[in-house]
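>>> Fold the following.
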Amino acid sequence: MTTLAVDCMGGDHGPAITLPACRAFLDQHPDAFLLLVGQPERLAGFEHPRARTVAATEVVSMDDPVEVALRKKKDSSMRVAIQQVKDGAAQAAVSAGNTGALMAIARYLLKTLDGIDRPAIATQMPNATGGATTVLDLGANVDCTAEHLLQFAVMGSALVSVLNNDEQPRVGLLNIGEEIIKGGETIKKAGELLRSAGNSGVLNFAGNVEGNDIFKGSVDLVVCDGFVGNVALKASEGLASMIGGFLRAEFSRGIFSRFAAICAYPVLSAFKKRVDHRRYNGAALLGLRGLVFKSHGSADAFAFERALRRAYDASRNDLLDRVQARIARAAPLLVNREAAPVAAVAGEAAEPAH
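Modelled structure (predicted):
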């Protein structure tokens, strides 16, 4: 039985979305058990033989400062859910709540793995091959050193090995060109570190990649800092919305435009579904001594159920053990400097798409 702790109060919609998603998830996963964390009066009425309520009296709002969430709301549903992972009651925690607060609380309670300075947020984006490209970081760390990018690559490789059942996923470093002489000093140094890791067999490094390679599927994993990653992710989110807006606009025009839209509808509709960011909801917080997954704050029940699936699959496929094993292999290459304060790092976190 795989047990997940769910922050039912987090996100823009709270139990109105999380509870239907939990029911749908349980109906499709007979070997799963859920700990529903939140205010009991708001979770009343949800009954399932493979779920029980864990009481929490407080809620971290989407606009709560990190300091408030971390130091003042010590009985929040977010914190109690992560505490279940720390105590061994659950294999993973899932929340749609405030990203900065989630990162800070998770790092405070679970701590980072040896050899890792900062956790990173990773998720998948659809690509032209019919699969998906994993990208990290997506907003947890805006300012990164070359050593951080190497650490992200090591952790991300473990995640992709679980997602794709591939022990040697291709790793690319996001840059403004494929040539090794391009990019700022941090990117150039990161390229050197990644090439060294590739030469030593720690990573399958394919070299520099550009933004379009994310969607071409040129590599399995793209590594970048959180600022660039978050911008790329938000841009990709807008694609499906643009297609939907185009179809609605064409249907509202004249007869010829409407006829053309009808003819194009099956193809565009299928493409819109393919790039629907809800299907890829559920970003892993990598680098912690426990599994935590972040859902988009505005996720609907379909999207939140997808986040639960991500956490379930990661637990079933021993993601944490795989990350630790890869870090151990890469230990001679990793520079474990003194970690920055929890609040300082988590305060950089931007809201990821998943």
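>>> pLDDT-wise, which helix or strand of the chain ranks last?
When each helix and strand of the chain is scored by mean pLDDT, DSSP states H and E, helix 342-346 comes last, with a mean of 41.
>>> which helices and strands does the strand or helix carrying Asp321 pack with?
According to DSSP states H and E, Asp321 maps onto helix 319-330. In terms of contacts (3 or more CB pairs under 8 Å, 6 or more residues apart in numbering; DSSP states H and E), helix 319-330 is packed against helix 146-164. Heads up, the C-betas are built off the backbone N, CA and C, glycines and all.
>>> Could you give the bridge partners of the most centrally placed residue in the chain?
Residue closest to the average C-alpha location in the chain (CA atoms, centre = their mean): Ala283, at 1.4 Å. According to DSSP bridges, the residues that bridge with Ala283 are Lys294.
>>> pLDDT score for it?
Here, the pLDDT recorded for Ala283 equals 94.
>>> I figured Leu19 was touching Leu43, is that so?
Yes: using CB atoms under 8 Å, Leu19 is in contact with Leu43, at 7.0 Å.
>>> which residues are in contact with both of the two?
Common contact partners of Leu19 and Leu43 (CB atoms under 8 Å, 6 or more residues apart in numbering): Cys8, Leu36.
>>> What confidence value was assigned to Leu163?
87.
>>> Pull the number of nearby residues for it.
Neighbour count of Leu163, defined by other CB atoms under 10 Å: 22.
>>> repeat for Asp27
11.
>>> Tell me the spacing between it and Thr53.
Counting by CB to CB, to the nearest Å, the separation of Asp27 from Thr53 is 18 Å.
>>> cool, and Glu305?
Counting by CB to CB - Glu305 and Thr53 are separated by 19 Å.
>>> These two: which has the busier surroundings?
Glu305 (25 against 17).
>>> For the more buried one, which non-adjacent residue is closest in space?
Ala21 (4.1 Å; CB to CB, 6 or more residues apart in numbering).
>>> The one you found: what's it in contact with?
Ala301, Phe302, Phe304, Glu305, Leu308.
>>> any idea of the pLDDT on it?
98.
>>> Distance from the strand or helix carrying it to the middle of the chain?
Here Ala21 sits within helix 15-28, counting by DSSP H and E. Put simply, helix 15-28 sits 20 Å off its chain's centre (CA atoms, centre = their mean, to the nearest Å).
>>> So what touches the following helix or strand past that helix?
Counting by DSSP H and E, the element after helix 15-28 in chain order, helix or strand, is strand 32-38. Strand 32-38 has contacts (CB under 8 Å, 6+ apart) with 1-9, 14-15, 19, 22, 25-26, 43, 46, 48, 50-56, 59, 77, 80-81, 84, 89-90, 312.
>>> looking at it, the residue nearest to the centre of the chain is touching Ala122, isn't it?
Yes: Ala283 is in contact with Ala122 according to CB under 8 Å; the separation is 6.2 Å.
>>> what touches both of those two?
With CB under 8 Å, 6+ apart, Ala283 and Ala122 have common neighbours Leu138.
>>> so what's Gly177 up against?
Gly183, Asn208, Glu210.
>>> Inside helices: which ones of the residues you listed?
Of the contacts of Gly177, none are assigned to helices by DSSP state H.
>>> Out of these, flag the one nearest to Gly131.
Glu210 (18.7 Å; CB to CB).
>>> from memory the closest one sits against Leu174, does it?
Yes: between Glu210 and Leu174 there is a contact at 7.4 Å, judged by CB under 8 Å.
>>> neighbour count winner among these two?
More neighbours surround Leu174 than the other of Glu210 and Leu174, with 23 against 16 (other CB under 10 Å).
>>> Please name the bridge partners of that one.
Val209.
>>> can you check Thr112 too?
Leu288.
>>> Any stretches of the stretch 1-150 of the chain with poor pLDDT?
Along the stretch 1-150 of the chain, no part satisfies pLDDT under 70.
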